[in-house]
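**Q** Sequence below, structure please.
(chains A, B and C)
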Amino acid sequence: MKNFLYGRASSTRAAVDFLSNRKNAFFLAGGTNLLDHLKLGVEYAEVLLDIEDLPERELTDLEEGGLRLGALALNSEVAADARVKSNFPMLAEAILSGASPQLRNMATIGGNLLQRTRCSFFRDIHAPCNKRNPGSGCAALEGAHRNHAILGTSEDCFATHPSDMDVALAALDAVLVIRGVTGERRLPLESFYLLPGDTPWRETALAHGEMITAVELPPPFFVHSIYLKVRERASFEFALAAAAVALEVREGMILAARVALGGVGTVPWRAREAERLLVGAFATPEAFEVAAEAELAAALPHRDNFFKVELARRTLVRALSEVAEKWGGFE
Amino acid sequence: MDSKGNSEKKKDLTCVGKSVRRVDGWPKVLGKAKYTADHSFEGMLFAAVKRADFPHARIKSIDVEGAQLPGVEAIMLEEDIPGNPRFGALNPHQPVIISDIVRYLGDGIALVAAKSEKIAREAAKRIVVSYEELPGLFDPREARKSELSIHPEGNEIVHHVLRKGEVSEGFAAADVVLERDYQTQFQEHAYLEPEAAVAVPQPDGGITVYGSMQHPFSTRRVVARVLGLPLAKVRVIQGELGGGFGGKDESSSIVCARAALLALKTGKPVKLVNTREESFVESYKRHPYYLHYKVGAKKDGTLTAMEIEIVADGGAYASMSTFVTWRSVVQATGPYTVPNVKTDVYAYHTNNTYTGAFRGFGSPQIVYASESLMDELAAELKISPAEIRKKNFYQQGGETATGQTLKHVVSLEPALDAVLAELNKKPLEQNANPVFSRGRGFACSYRGVALGAEGVDATGAVVNLLEDGSAIVSTGVAENGQGLRTVFSQIVSEELGIPLEKIVFLDCDTSSIADGGPSVASRCTIMGGNAVRHACLQLKERLNLSEQPDLQKAIKATLNAGKSLYAFGWHNAPKVSWDEHTGQGDAYFTYVYACQGVEVEVNNQTGETKVLRAVAAHDVGMALNPQQVELQIYGGVTMGAGYGLTEEVILEKGVTKNPNFNGYHIPDSRMIGEIVPIIIENPDAAGPFGAKTIGEPTCELLAPAIANAILQATGARVRTIPATPARVLHAMQKEGAPA
Amino acid sequence: MQHKILLTINGEQYENFVSSERTLLDFLRDDLGITGSKKGCDEGECGACTVLVDGIAVDSCLMLAVEADGCELLTVEGLNKSELDPLQKAFIEHGAIQCGYCTPGMLLSAKALLLEKNDPTDDEIKEAIAGNLCRCTGYLSIIDAIRSVAKGGG
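**A** Numbering: from 1, shown residues only, chains lettered A, B, ... in the order given. Okay, the predicted model is just below:
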């Protein structure tokens, strides 16, 4: 790692003010992704401002069962929280399906939201990569891209968003609380992530100097949900495909649905098309097939990741079926 | 499992045959065991390597100007090497660093020594090399046909043949002829400790190297050659080894030689430690094989002929390719009597990472293919996989594909029966959830012990009995983590009747013991163990223990008589033979036999495969330490599961795309539900107390067992490993299996 | 940039100057010569560098030394007091060690688990060491060793 200045922030406001005025400066929280990138040379930092002493670590109740997660709460703390486990089990499942105990003990909620792709070309500073080095090209088009995204891709970039937690948060309609020099703003997670388009280096709506201070979870409407992840190794691995599903089913009919896909999108993929088709339909295998099929109709696979279209479709159908089972099975 | 006579014999033993605890457990749990990178010396410098930027290119110039940072004490290029810059066991064409043509991305171009690792790495980064890029070859099948030659001597590294009978007649006599293609991957050893060396210059102009290596004597040979020093002036001391699995031979020698070059140049101790990424890019891998099998059989399953062609990717340098593929040519048919065999095994150079020794050494590839094939053939003939094997198994007194008569006990059938009995103890119970399908499968193998007709096979040991009845033991083969210190100490304890606590095992130091050859080929127990025993037997004779059974008194009497209690034992392997034109001969002096079975659960919708249970039966001759044997089985089975399911180094035009554990997936704690080890004992006259071997056969069987089980579960045959979800899904779609 | 840090390692106080980019692992190994924690991947994937910071298992290769200012660290060297920790004994007894390179990190992940739960299920044991890779043992003997201590009330 190259040398940098290190300091500890004493207040959120001071931290935001400080960073806004500096280039090549980063907030340091868990550091699991940032330090890795500094070692690889993917990022270059002149200043790291350690924000772990800031108070944004609490989990606080919101009205009607909603929950506010301080952005500095550790992944392991959130997954172990009784309210999360009982009201948002999908979130706990998603967090526990990712990384290792050690990393979950270090990584924060805010850091996880800002996690960057594991595309091997993005991580290899000698390879062309439009995300790391705008305009240099995309080596994955011709190269190894078995694990790349099939949804939300562009000609410039189709790197997969790696997070599990963010997929669950997408399905949970999470809202991010963001602090900037001019004050605080709220942004739904779905608007937070930017599709690569022709600016793949712009990954989120966060402006330089802004800090995610919390994630707010609206009250859970659902009783049953699941986070289902498919991968090559049983633990400590990124998803080939994942589905976060919550349904409300009454007398066989789906009244509400929240669906998001992981491991297949350039961003945590909210499956709006699937949701549209599910709501009002009866919970049948056919309906699930139709919804999954429709959601993946937009998939754009490349040479070596065609399997992901089928895998994602099957993963989604299975996740929907399992949640339907919890509601008492199919009609 | 063991015969009655053997149990009786074992009962008389006091230490051998018992699961005594590892003698080196304490320092390891205390964090005090010294691995190479844990060594530190006053005034020590740190080294870094500038490596190639292209997989195949001619170097036009090397500019080190920008690398002269404060704190940099030496920068070395090939021209600065005092000795011979090239080395290699068979073909000495591998460079320590190179200045003309780079042949893979792991090639080193310049060495830097600096006051800190950070400065050394920064300086290496600033060395500017300009190249003329050359077209590369990245597939051995292309290299076979290509006009382009990676080395002046051509792309073919070796071509082994085996000819027995006449295959055309065998196929004519067959009722069924089946042809199949299989493919295996680059596998990384993934020892947890990356390669490391600390070289310390000596006042006499010589050098001492502490290194993470499996074969201190091979390292000494390379270091002396590169430095231009006599062997006697190079002392190589093995650090505590953080895993090897066959991988710490050339990869380690190169690191040691580089550190030694810089140490000699600067006159200061130099430490060189590879990062994980450097280790992935530079160190050799398991050979990918492209295997074509054609087999003929009668309706009742009797094999009539086998024709096999194998093309191996040898990568940039020859390394051990010739030896690795030789084991393949010997064992390619599997443990089956086939009257007509024609086998050709080729290895070609490419601009991929070079390939070499890896636990199993040319067997996991052919066992995967031949044991998949046996199941495919059984299905074709509508007989059971067990029946077809039993019909054709090698028998005691029978002849192998190489024309060797097997004189020892051939325990294939007992191994298979033991596995099936354990595996099928309970009937296969399907998961209530129809998404999951379970299946069982198994695979059998035979394996030549030790080096065989590869070359000279001999080793030595010193037992230094001291006046108080304690002893110092050292051997020419080295502790690689496999438990050699423990087992050899047990042999000394048994023979001389001294407790384990009084035995000290010295780590391998090339200046204090005779070259004992490499710690490979699962040869340590059988070769080193015999050498230790020979030394003990000499001592027993000198002590006259049969007349004077009280050890203390015997020691006193012997010393008083002016005799030494320092004994050197040497063991030379029994004779073997090989005719390279026909592939006939007594390839190995003895063999081991094994069977592994597995129950898997496949997710029909996603292709994910879980190993629920594995059963492994191995004939080890005699288990000198059953606990350590079981540990070898656990570890080997798990490594085999990784080979079959998750591990693959992805090389794309010579570039390693997954050079760390986030992309290369070795098994983790959840990989396997349960492993049941079954030890079979048929003492072999060639081994100490009848012991043969265990290290390698454990890792060559699970991949085909898994492939066979996946077929039973899903109806889909995976002919390329690893069987990733994508491959299983693909195979299922092709077979029209239930989704 | 140099920082003065004050921390406790295995019960002993340390006061040192470190540069900001120094990882906790390099600080322990290279600056203090406390080499029990190992470097296997340097990116938080293998767990060989696992230490306990204020009782919690972390990968010391992904933590800066300055971040540990004011913390209490436990490394493998601090596990045994007057005698071996029950986990250390169990690892020897169950043959949970081969090459030994993963052992320090493995012991500390197990320690963190047992500090939190004295009777974990097999699944919890496997999860607790899911971030610690071992290439030799196939994990089973390690799981056995941890289970034996848990059941023994260690």
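**Q** Could you list the buried residues of the biggest helix by length in chain A?
**A** Across chain A, the longest stretch assigned as helix under DSSP state H is helix A:307-326. Buried positions in helix A:307-326, judged by neighbour count with 16 or more other Cβ atoms under 10 Å in any protein chain shown: A:307-324. To be clear about C-beta, it is placed using only N, CA and C from the backbone, and glycine gets the same treatment.
**Q** I'd like to know how far B:Val129 sits from chain C.
**A** Distance of B:Val129 to chain C, computed by Cβ to the nearest Cβ, to the nearest Å: 25 Å.
**Q** tell me the secondary structure for that residue?
**A** Here B:Val129 is strand, with the state taken from DSSP: H, G, I helix; E, B strand; the rest coil.
**Q** how close does the residue nearest to it when sequence neighbours are not counted get to chain C?
**A** In space, and not counting its chain neighbours, B:Val129 is closest to B:Ile62: 5.2 Å by Cβ to Cβ, 6 or more residues apart in numbering or on different chains. B:Ile62 is 28 Å from chain C, where distance means Cβ to the nearest Cβ.
**Q** Pretty sure B:Ile62 sits against B:Glu78.
**A** No: taking Cβ atoms under 8 Å as the definition, B:Ile62 is not a contact partner of B:Glu78, at 9.2 Å.
**Q** Now for those two: what residues contact both?
**A** B:Ser99 (Cβ atoms under 8 Å, 6 or more residues apart in numbering or on different chains).
**Q** The closest residue to chain A within chain C: neighbouring residues, count only.
**A** Of all residues in chain C, C:Gly131 sits closest to chain A, at 2.4 Å by Cβ to the nearest Cβ. Neighbour count for C:Gly131, taken as other Cβ atoms under 10 Å in any protein chain shown: 27.
**Q** Same question for A:Lys23.
**A** A:Lys23 has 8 neighbouring residues, counting by other Cβ under 10 Å.
**Q** how about stretch B:205-224, does it get close to chain C?
**A** No: Stretch B:205-224 does not reach chain C (Cβ under 8 Å from any Cβ of the partner chain); its nearest approach is 9.7 Å.
**Q** Okay, buried residues for that stretch please.
**A** For stretch B:205-224, using 16+ other Cβ under 10 Å, the buried residues are B:206-224.
**Q** surely A:Leu59 meets A:Ala73?
**A** Yes: with contact defined as Cβ under 8 Å, A:Leu59 and A:Ala73 form a contacting pair (6.0 Å).
**Q** okay, those two: which has more neighbours?
**A** A:Ala73 (21 against 18).
**Q** beta partners for A:Val249?
**A** A:Ile254 (DSSP bridges).
**Q** Mind pulling the model confidence for it?
**A** Per-residue confidence (pLDDT) for A:Val249: 94.
**Q** Help me confirm that it comes into contact with A:Ala324.
**A** Yes: with contact defined as Cβ under 8 Å, A:Val249 counts as touching A:Ala324 (6.5 Å).
**Q** Next up, phi/psi of the closest residue to B:His56 other than its chain neighbours, please.
**A** Excluding the flanking residues, the one nearest B:His56 by Cβ to Cβ, 6+ apart is B:Gly136, at 4.0 Å. With angles defined as degrees, to the nearest 10, B:Gly136 sits at phi -110, psi 160.
**Q** so where's the stretch 151-300 of chain A shaky on pLDDT?
**A** For the stretch 151-300 of chain A, the stretches with pLDDT under 70 are A:234-236.
**Q** Going along the chain, name the helices of the stretch 51-200 of chain A.
**A** A:75-80, A:82-87, A:89-96, A:101-106, A:109-113, A:120-123, A:165-171, A:189-192 (DSSP state H, counting those that start in this stretch).
**Q** which one of those lies closest to A:Trp201?
**A** A:Trp201 lies closest to helix A:120-123 among these, at 10.3 Å (Cβ to Cβ).
**Q** Up against chain A, what does chain C have?
**A** Counting by Cβ under 8 Å from any Cβ, chain C sits next to chain A at C:1, C:3, C:19-21, C:23, C:42-45, C:47, C:50, C:56-59, C:62-64, C:66-67, C:109, C:112, C:126-128, C:130-132.
**Q** Show me which of these are buried.
**A** For these, a burial check counting by 16+ other Cβ under 10 Å picks out C:3, C:19-21, C:23, C:42-45, C:47, C:50, C:56-59, C:62-64, C:66-67, C:109, C:112, C:126-128, C:130-132.
**Q** Which single residue in chain A comes nearest to chain C?
**A** As assessed by Cβ to the nearest Cβ, chain C sits closest to A:Ser100 within chain A, at 2.4 Å.
**Q** so how far is B:Ser669 from that residue?
**A** Noted for A:Ser100: a distance of 10 Å to B:Ser669, by Cβ to Cβ, to the nearest Å.
**Q** And for B:Phe361?
**A** Going from B:Phe361 to B:Ser669 by Cβ to Cβ gives 27 Å.
**Q** same check, this time on A:Arg276
**A** Distance of A:Arg276 to B:Ser669, computed by Cβ to Cβ: 41 Å.
**Q** That's all I had, so thanks and see you.
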